[in-house]
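**Student:** here are the coordinates; sequence isn't available:
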Ligand SMILES: Nc1ncnc2c1ncn2[C@@H]1O[C@H](COP(=O)(O)OP(=O)(O)OP(=O)(O)O)[C@@H](O)[C@H]1O
């Protein structure tokens, strides 16, 4: 048998091993349900075994391994001296008493697979990478690290994986994680990190693999507290949704800021209208019927000063006690004098506990003061007495420290000029106050119609009222677009956990997008987080990277340019008098190649372009002419038409950009939007324009 046949035979044994594990897990579920001593333990054991079986069943039929390590006999190999390990997406057990057939890519020894090079071999003699076509093992590549060989990223198999045409949702990168990415994936759970990465450097990939790694390394802790992944929009979530399940992790919550807030909010808040405009991040949406000042209102609502305004508005409800509290208790009357009540309220405020906790404390302290008098007269202070006295003291507490809902506070601020003026005095200018005031306030807070920005304000107040439990780890993608107030939403959910912040200052497109990571990290509650730059692009080819780097010069952000990993690919910039016709021609040309195709245009032009393409393309390509990106392109239909505002985070083999000048002019950070759009291309980029190219766009000559 030659080497490849031997490896194929091993792969076949691994498949059997995996099947045996699955059968065993299924059997255990059955036995577990029958053998447990009592119903409680039967249920617990059953649940545990079922989740193990589910994890195994979620495993798609991918290759059982992607790499192999052979450690040398030298001291550098430590405990691994002379051993051989296969690396795969998941662990495959050997027979009883035998070592595992495949080691999980997250196990400690796998670190050597990703990081070793001729400079630091980690004791490895030979690193082998396997090439697969679907389930068929097609070849392998050896690097004799002990002889100074180190193909690194120039490995044929690594290059083929990175340059492959893209179809459907995002895939995992476990076979080809690069050393600088692995460092981030395996950063300690306690450490919060911020990854500034140029387009296509693998930020999203790193974030998702970090989630999978942390769940492996800290399973118990994180299965209690949870891991949350926040993405920019539902299309992006759809695009990334398959990665973690493929890695065996099915319990990670992946959502957007709006969905998180709408779900966690009280029923009244879920009536928030997230209009199509707002979902796109286009804040010209109609909030409370007054479209004109919406951009100005959103800018103020997302400003961190709103936190101070809301705090003041909430605590303005706390009143100075007037008069004593008296409670009749049988033939006695107990009395707490006004002076003592004032002390209780003042002391409680000084303690700065959440508002609802403060209220509980005031009740408890008033009851304790009454109790001291009762006890002195020999009363027995049992539970009944305490409950009755608490009830008697409640009208007083309602007057000085009222129970309140977040909706009441926010509606008070947005709906009543006087309340707002008091809370915002010296914080917001009169113009800013006018910008956020409802012109037609609702009759009560219950009938208020909230905007996406209002959800953030409601969450801020909810956070002032009581502390939310939070997550063990939060991963925030496209974080540069978060406002200060949105950062505080994340901070509240990761106060006792850590975060991974992923983003690119050059891709900031919201009016409040960050220009400096330190400010943003401060708002996220992790000012000390390490900021690491990734600069090697694995998506865009060299020609696209050069074009994007040109644009970077005029974007006014301090980020390093991209170096493309790839020499292939091409860019065509074409002036045309007939944009729809030229788009159709470009898509026809693109259909001659493999992979996905996107036509990215200003929002207003999408419908007309889609209609043109539908009219001019063969039937089978038409099925996927959709405005919702990220959906798997089934069959031969491979074309997506999407607005520039939805392109963030996505990638397509062939990208046709229609009219860059219109994309730039459509919004305040239009040039950043264009930068995002241009960097979606994996292989080929067509830029079509009828109007002159926007300022900052390099002249076509020379490319
Ligand atoms: N080590 C790697 N091996 C193979 N493919 C990789 C690697 N790193 C990244 N990629 C691929 O490169 C592409 C870009 O990665 P990803 O989307 O994570 O980048 P990003 O930095 O989030 O990009 P953007 O800022 O543009 O959204 C993806 O297809 C990803 O799978």
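**Tutor:** Looks like it came in fine. Given the structure is predicted, the values throughout are model-derived calculations rather than measurements. Numbers count the residues shown, from 1 in each chain.

**Student:** three-state assignment of the residue nearest to the spatial centre of the chain?
**Tutor:** Nearest to the mean C-alpha position of the chain, by CA atoms, centre = their mean, lies residue 230 at 2.2 Å. Following DSSP: H, G, I helix; E, B strand; the rest coil, we place residue 230 in the strand state.

**Student:** which residue, other than its chain neighbours, is closest to it?
**Tutor:** Setting aside the residues directly before and after it, residue 230 is nearest to residue 476 in space (CB to CB, 6 or more residues apart in numbering), at 4.9 Å. Using the backbone N, CA and C atoms, a C-beta is placed for each residue, glycine as well.

**Student:** the residue in the stretch 301-450 of the chain positioned nearest to the ligand: what's it in contact with?
**Tutor:** Shortest the stretch 301-450 of the chain-to-the ligand distance, computed as CB to the nearest ligand atom: residue-wise this is residue 302, at 22.0 Å. Contacts here follow CB atoms under 8 Å, 6 or more residues apart in numbering; on that basis residue 302 touches 453, 456, 483-486, 511-512.

**Student:** from residue 504, how far off is it?
**Tutor:** Distance, residue 302 to residue 504, by CB to CB, to the nearest Å: 20 Å.

**Student:** where does the stretch 501-650 of the chain have low pLDDT?
**Tutor:** Along the stretch 501-650 of the chain, segments meeting pLDDT under 70 span 619-637.

**Student:** show me which residues of it sit near the ligand.
**Tutor:** By CB under 6 Å from any ligand atom, the residues of the stretch 501-650 of the chain that approach the ligand are 504, 507, 538-539, 649.

**Student:** in the helix or strand that contains residue 343, what's buried?
**Tutor:** Assigned by DSSP states H and E, residue 343 falls within helix 338-351. Buried residues in helix 338-351, counted by 16 or more other CB atoms under 10 Å: 340-341, 344-345, 348.

**Student:** which parts of the stretch 601-703 of the chain are strands?
**Tutor:** Applying DSSP state E, counting those that start in this stretch to the stretch 601-703 of the chain gives strands spanning 639-643, 652-658, 681-689.

**Student:** winner for burial among those?
**Tutor:** strand 652-658 (a mean of 27; mean count of other CB atoms under 10 Å).

**Student:** can you list contacts of it?
**Tutor:** By CB under 8 Å, 6+ apart, strand 652-658 touches 165-166, 579, 583, 586-587, 590, 593-602, 605, 609, 640, 663, 674, 677-678, 680-688.

**Student:** and the angle from that strand to strand 681-689?
**Tutor:** Comparing the axes of strand 652-658 and strand 681-689 via axes from the mean of the first three to the mean of the last three CA atoms, to 10 degrees yields an angle of 10 degrees.

**Student:** for the remainder of this discussion, apply numbering that starts at 40.
**Tutor:** All set: I'll call the first residue 40, so the last point we hit is now strand 691-697.

**Student:** quickly run through the sheet partners of strand 691-697, with directions.
**Tutor:** strand 636-640 (parallel), strand 720-728 (parallel) (DSSP bridges).

**Student:** could you point out which element follows the helix or strand of the chain with the lowest mean pLDDT?
**Tutor:** Within the chain, no helix or strand scores below helix 315-318, which has a mean of 36 by mean pLDDT, DSSP states H and E. Downstream of helix 315-318, the first helix or strand assigned by DSSP H and E is helix 333-340.

**Student:** what about that next one, average pLDDT?
**Tutor:** Averaged over helix 333-340, pLDDT sits at 91.

**Student:** re the thing from before, so which bits of the following helix or strand past the helix holding residue 382 are buried?
**Tutor:** Toward the C-terminus, helix 377-390 is succeeded by helix 394-415 as the next helix or strand (DSSP H and E). Under the neighbour-count criterion of 16+ other CB under 10 Å, helix 394-415 has 394-395, 397-406, 408-410, 412-413 buried.

**Student:** from the chain's centroid, how far away is the helix or strand containing residue 622?
**Tutor:** In this structure, residue 622 is located in helix 618-629 according to DSSP H and E. In this view, helix 618-629 has its centroid 35 Å away from the chain centroid, taken as CA atoms, centre = their mean, to the nearest Å.

**Student:** in stretch 488-505, what counts as buried?
**Tutor:** 489-504.

**Student:** which residue is the nearest non-sequential neighbour of residue 394?
**Tutor:** residue 504 (4.9 Å).

**Student:** no, scratch that, I was asking about residue 121
**Tutor:** Nearest non-adjacent residue to residue 121, counting by CB to CB, 6+ apart: residue 112, 5.6 Å away.

**Student:** near the ligand, which residues of the chain show up?
**Tutor:** Residues of the chain lying near the ligand by CB under 6 Å from any ligand atom: 200-201, 212, 215-217, 220, 236, 238-244, 543, 546, 577-578, 688, 690, 718.

**Student:** the residue nearest to residue 642 when sequence neighbours are not counted bridge partners, please.
**Tutor:** Closest residue to residue 642 apart from its sequence neighbours, by CB to CB, 6+ apart: residue 682 at 4.0 Å. Using DSSP bridges, the bridge partners assigned to residue 682 are residue 640.

**Student:** now do the helices in the stretch 640-742 of the chain.
**Tutor:** 645-655, 658-661, 699-704, 709-717 (DSSP state H, counting those that start in this stretch).

**Student:** may I see the buried residues of the longest one?
**Tutor:** What that stands for is helix 645-655. For helix 645-655, burial by neighbour count (16+ other CB under 10 Å) applies to 645, 648-649, 651-652, 655.

**Student:** packing partners of that helix?
**Tutor:** Other helices and strands packing on helix 645-655, by 3 or more CB pairs under 8 Å, 6 or more residues apart in numbering; DSSP states H and E, are helix 618-629, strand 636-640, strand 678-682.

**Student:** what is the first one packed up against?
**Tutor:** Applying 3+ CB pairs under 8 Å, 6+ apart, we find helix 618-629 packed against strand 636-640, helix 645-655, strand 691-697, strand 720-728.

**Student:** any chance of these in TSV, plus distance to residue 593?
**Tutor:** Shown next, in TSV, are the helices and strands packed on helix 618-629 (distance: least, CB to CB, whole Å):
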stretch	distance to residue 593
strand 636-640	20
helix 645-655	26
strand 691-697	17
strand 720-728	16
